[in-house]
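Peer 1: model the structure of this input:
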Amino acid sequence: MYELGAAFSDVDVEPGTNVLVEGPPMSGKRDLGFEVLATGARDGEGSIVVSTKDSAERVIEDFAEHVGDTEPLLGVVDCVTKQQGMGTATESELVRYASSPVDLTGIGIELSELLRALYQQRGVTRNRILLHSLSTLLMYSDLQTVFRFLHVFTGRVQSADALGVFVVDSSAHDEQTVSTLKQLFDGIVTLREREDGGFEARLVGIEDGTGWRDL
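Peer 2: Residues are numbered from 1 along each chain as shown. Below you'll find the predicted structure:
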């Protein structure tokens, strides 16, 4: 079982579970995803971030703030640096580069390489994977293409007995698009703004779910 962490530290999920995190911009979706991964990283689990918005360098820096004194075993698939031509795209065992968020095949290949590096080469059998963000993929590819990609991606999470966390900006897409994507996930975490300007989250689809909780 995986302890979900973040606002849901009392929730355990089965290996192979895929969770969608939806909410408006600036609601803390990325931080929640990082905290779910950090919960495992602090116990020696592997972490993989597929980033369509931030460079690998930025992901590594920001993730370090979530794990405290722990030296995380973190792999990153950077879908930004090569496309923007910013910085250097120097690959290592745990930092891989896709050409752009359009390159869904390349993203899938690099994810498989990172899982192999953690699972087979390092013997890390418990891994958490964050994809941030589905909204970027939907900017570049149509819904059907992204759906097919996610069907394979979530299947990879299942076969690896990992925990998958996927972020989407719910306000950037019509209701039908988000509803279609939700079919692929075991649980849905929804974030919303409170009247006082803070944010709260709710989990549905896994066990009994939860009520609204402050972030």
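Peer 1: in the worst-scoring helix or strand of the chain on mean pLDDT, what counts as buried?
Peer 2: Across the helices and strands of the chain, mean pLDDT, DSSP states H and E gives its lowest value to helix 81-84, namely a mean of 88. Buried residues in helix 81-84, counted by 16 or more other C-beta atoms under 10 Å: Thr81, Lys82, Gln83. Just so you know, the C-beta spots here come from the backbone N, C-alpha and C atoms, and that holds for glycine as well.
Peer 1: for stretch 111-129, same thing?
Peer 2: Buried-residue list, stretch 111-129, by 16+ other C-beta under 10 Å: Leu111, Glu113, Leu114, Leu115, Ala117, Leu118, Tyr119, Val124, Arg126, Asn127, Arg128, Ile129.
Peer 1: just give me how far the least confident helix or strand of the chain sits from the chain centre.
Peer 2: Helix 81-84 has its C-alpha centroid displaced from the chain centroid by 20 Å (C-alpha atoms, centre = their mean, to the nearest Å).
Peer 1: in the protein, where's the longest helix?
Peer 2: Identified as the longest helix of the chain according to DSSP state H is helix 143-159.
Peer 1: and the contacts of that helix?
Peer 2: Contact with helix 143-159 is made by 16-18, 104, 107-108, 111-112, 115, 129, 131, 134, 137-138, 141, 162-164, 166, 177, 180-181, 184-185, as judged by C-beta atoms under 8 Å, 6 or more residues apart in numbering.
Peer 1: average pLDDT for it?
Peer 2: Helix 143-159 carries an average pLDDT of 98.
Peer 1: what about the helices in this protein?
Peer 2: Secondary structure of the chain by DSSP H: the helices cover 29-41, 56-67, 81-84, 104-116, 134-140, 143-159, 175-182.
Peer 1: tell me how far the longest one lies from the chain's centre.
Peer 2: Between the mean C-alpha point of helix 143-159 and the mean C-alpha point of its chain there is a distance of 13 Å (C-alpha atoms, centre = their mean).
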